[in-house]
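Participant: Here is my input; please provide its structure:
(chains A and B)
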There are 2 protein chains.
Amino acid sequence: MIARDLATPCPSIRMEDDAIDAVRLMAEQHLPGLVVCTADGRPAHILPGTQVLRFVVPRYVQDDPALARVIDERTSERLLGELAGRKVRDLLPAHSDVEPAIADPDDTVLELAAMMTRTHSPLVAVVDSGELVGCVTLPRLLDALLSLGSA
Amino acid sequence: MIARDLATPCPSIRMEDDAIDAVRLMAEQHLPGLVVCTADGRPAHILPGTQVLRFVVPRYVQDDPALARVIDERTSERLLGELAGRKVRDLLPAHSDVEPAIADPDDTVLELAAMMTRTHSPLVAVVDSGELVGCVTLPRLLDALLSLGSA
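Facilitator: Sure thing, here's the model as predicted:
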């Protein structure tokens, strides 16, 4: 069993697309993260949904959870306003010392598991010659490990 | 909109259940993590699926990704064998300086978002008087933020 067998179709978004479109895509398709492609369509990054939250939750609330309680609903309504004018590119971590969670089609289950552990990414993109084949989510990977174990 | 409105039914597991049952539950129900209850049924922890991977991927592979490639399929088949005899309790991080991602039913969308950002948890359990009401996943929370923004 290799990455190609485990990948399921998934959407992607481009670096120059609006940040709010990334949020819509994750919400509508119930995805924990998104594959981000360069202008020429090559998958280059994974944008975890939690990274988006880091932009919409004000810093002072992140630092002091008790403040979240006292902020009124009107402010909550403006949370996504923080994303106005931003591009997907702006949401990506500025620098990261781990590689993006992008796998080759012939990567093994163990390679996928090691990559997910290392990158803390909620999904791994499977890419063949610069083309997105699909994504492997954590539950899918656990399922593969179970079926290997009982083979 | 409060946590109670956003929670969807989700299963839970107990500290003393077999670790492999946690893997099965996440795989079968496509969950990124599980609510873990104490012996008396009170939700007390969230077990992220990635935490399970940390147990099944050998340490030397985590440290040196290139090794994942040279390990044969037979070894991969034994990966979940690492979980044999372990309990769910054994998979939980030994000590954590962040609180578990457990919310009150009347927590606001902002409180949920702040909690998810702080805990890096893929889901938040909503608990009312020690009883599990349900879970809020990241896509569900993004969906709530979108609908607030357009209200």
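Participant: all contacts plus neighbour counts: C-alpha atoms, from now on.
Facilitator: Will do.
Participant: Can you list the buried residues in the strand or helix carrying residue A:52?
Facilitator: Assigned by DSSP states H and E, residue A:52 belongs to helix A:49-56. Neighbour counts using 16 or more other CA atoms under 10 Å in any protein chain shown place A:49-50, A:52-56 of helix A:49-56 among the buried residues.
Participant: which of the residues you listed come close to chain B?
Facilitator: Residues of the buried residues of helix A:49-56 in contact with chain B (CA under 8 Å from any CA of the partner chain): A:49-50, A:53-54.
Participant: For the residue nearest to residue A:31 when sequence neighbours are not counted, give its distance to residue A:107.
Facilitator: Spatial nearest neighbour of residue A:31, excluding adjacent residues (CA to CA, 6 or more residues apart in numbering or on different chains): residue B:139 at 6.1 Å. For residue B:139, the distance to residue A:107 equals 28 Å [CA to CA, to the nearest Å].
Participant: what's the next secondary structure element after the helix or strand bottoming out on mean pLDDT in chain A?
Facilitator: Every helix and strand in chain A was compared by mean pLDDT, DSSP states H and E; the lowest is helix A:73-77, with a mean of 63. Per DSSP H and E, the first helix or strand lying C-terminal to helix A:73-77 is helix A:88-91.
Participant: Quick one: mean pLDDT over that next one.
Facilitator: Helix A:88-91 shows a mean pLDDT of 94 in the predicted model.
Participant: Does anything pack onto that helix? Which helices or strands?
Facilitator: Contacts defined by 3 or more CA pairs under 8 Å, 6 or more residues apart in numbering or on different chains; DSSP states H and E place helix A:88-91 against helix A:19-28, helix A:49-56.
Participant: Just put these in CSV and tack on mean pLDDT.
Facilitator: Formatted as CSV, those follow (pLDDT from 0 to 100):
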stretch, mean pLDDT
helix A:19-28, 94
helix A:49-56, 88
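Participant: Could you dump the ones next to chain B among the buried residues of helix A:49-56 into CSV and include distance to residue A:70?
Facilitator: Below are these laid out as CSV (distance: CA to CA, whole Å):
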residue, distance to residue A:70
A:49, 25
A:50, 23
A:53, 19
A:54, 19
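Participant: Excluding residues flanking it in the chain, which one is nearest residue A:102?
Facilitator: residue A:125 (4.8 Å).
Participant: hang on, the one you found packs against residue A:132?
Facilitator: Yes. With contact defined as CA atoms under 8 Å, residue A:125 reaches residue A:132; the gap is 7.1 Å.
Participant: neighbour-wise, which of those two wins?
Facilitator: Applying other CA atoms under 10 Å in any protein chain shown to residue A:125 and residue A:132 shows that residue A:125 carries more neighbours, namely 32 against 22.
Participant: Looks to me like the more buried one is in a helix.
Facilitator: No. Going by DSSP: H, G, I helix; E, B strand; the rest coil, the assignment for residue A:125 is strand, not a helix.
Participant: Who does it form a beta bridge with?
Facilitator: residue A:102, residue A:135 (DSSP bridges).
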